[in-house]
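>>> sequence unknown, structure follows:
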């Protein structure tokens, strides 16, 4: 576990290759809001305020016991310096890694990630955040799928999620009746795992890959949206370079962040 020091009610640690803007504003998660000096957000029903000063980070009002959760969530034990060194043997990825140098792959809960990316379909980030916020209001935090069993269109009407409400209901039902077993998905080969998730209405290949990458830490998952389609067409028409093998999803994060911000 990452080393840290306790300062009053806060936990302070240093971490290279980590930037809050890069990590929390790159499309991985939708429950973080920027504040002066840092971010406030939540995972499940755990809330956090985190601030940054260079390579020094402060988790505010977090106990030593709670630090283990957030250390895992921010993937602090992974050496992203080595990952970037490996990816940077490719010139396009070298540019992308330099621009988004502080990106880390969040280790998010599988159910929360799946439900969040179902909501994200054909949607913009402010509206996604709004729907998720209203979902949390209804359930007193981001609900486990079991808490949503029995929900219907009327129950979810306050979300103003449109057609996505029916997809959420179908997802909850299939998780409840065992049609989709997330525990089994975790250990399946990538293509089988994606196919299992795609049994849920509204889950196509992009949502499935996002769920596997962000909710299962399947670093070989490679979500492709309109931005990544452009990357593939412009830079990798014959496929990704060998240096991405097994970490295609991490490479995707650097590439996505760079092209979305006009660097590639």
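Everything's here; your move. Keep in mind it's a predicted model, so treat the numbers as computed, not measured. Residues are numbered from 1 along each chain as shown.

>>> going forward, measure contacts between C-alpha atoms and count neighbours the same way
Fine.

>>> Tell me how many other residues crowd residue 216.
24 (other CA atoms under 10 Å).

>>> Not including adjacent chain positions, what is the nearest residue to it?
Nearest non-adjacent residue to residue 216, counting by CA to CA, 6 or more residues apart in numbering: residue 110, 5.9 Å away.

>>> count of neighbours near that neighbour?
19.

>>> any idea how far it is from residue 214?
8 Å (CA to CA, to the nearest Å).

>>> Check residue 30 too.
From residue 30 to residue 214 the distance is 12 Å (CA to CA).

>>> repeat for residue 195
17 Å.

>>> How about residues contacting stretch 109-122?
The contact list for stretch 109-122 (CA atoms under 8 Å, 6 or more residues apart in numbering) reads 29-30, 43-44, 128, 131-132, 142-145, 161, 164, 167-168, 171, 182, 202-203, 207-208, 210-212, 214-216.

>>> repeat for stretch 130-141
With CA under 8 Å, 6+ apart, stretch 130-141 has contacts from 30-31, 44-45, 116, 119, 142-143, 156, 158-161.

>>> what's the helix or strand for residue 128?
Assessed by DSSP states H and E, residue 128 sits inside helix 125-139.

>>> residues of that helix that come out buried?
128, 129, 130, 131, 132, 133, 134, 135, 136 (16 or more other CA atoms under 10 Å).

>>> pLDDT wise, what is the third one at?
Just to be clear, that refers to residue 130. Note on residue 130: pLDDT of 96.

>>> Over to residue 1?
Residue 1 is given a pLDDT of 66.

>>> what's the answer for residue 47, then?
96.

>>> And for residue 69?
pLDDT at residue 69 comes out at 96.

>>> just to revisit the earlier point, residue 195 and residue 214: who's more crowded?
residue 214 (24 against 15).

>>> In which helix or strand does residue 12 reside?
Following DSSP H and E, one finds residue 12 within strand 10-14.

>>> and the residue most central in space within the chain, what does it touch?
Centroid check for the chain by CA atoms, centre = their mean gives residue 28 as the closest residue, at 3.1 Å. By CA under 8 Å, 6+ apart, residue 28 lies in contact with 105, 106, 214.

>>> Many thanks, we can stop here.
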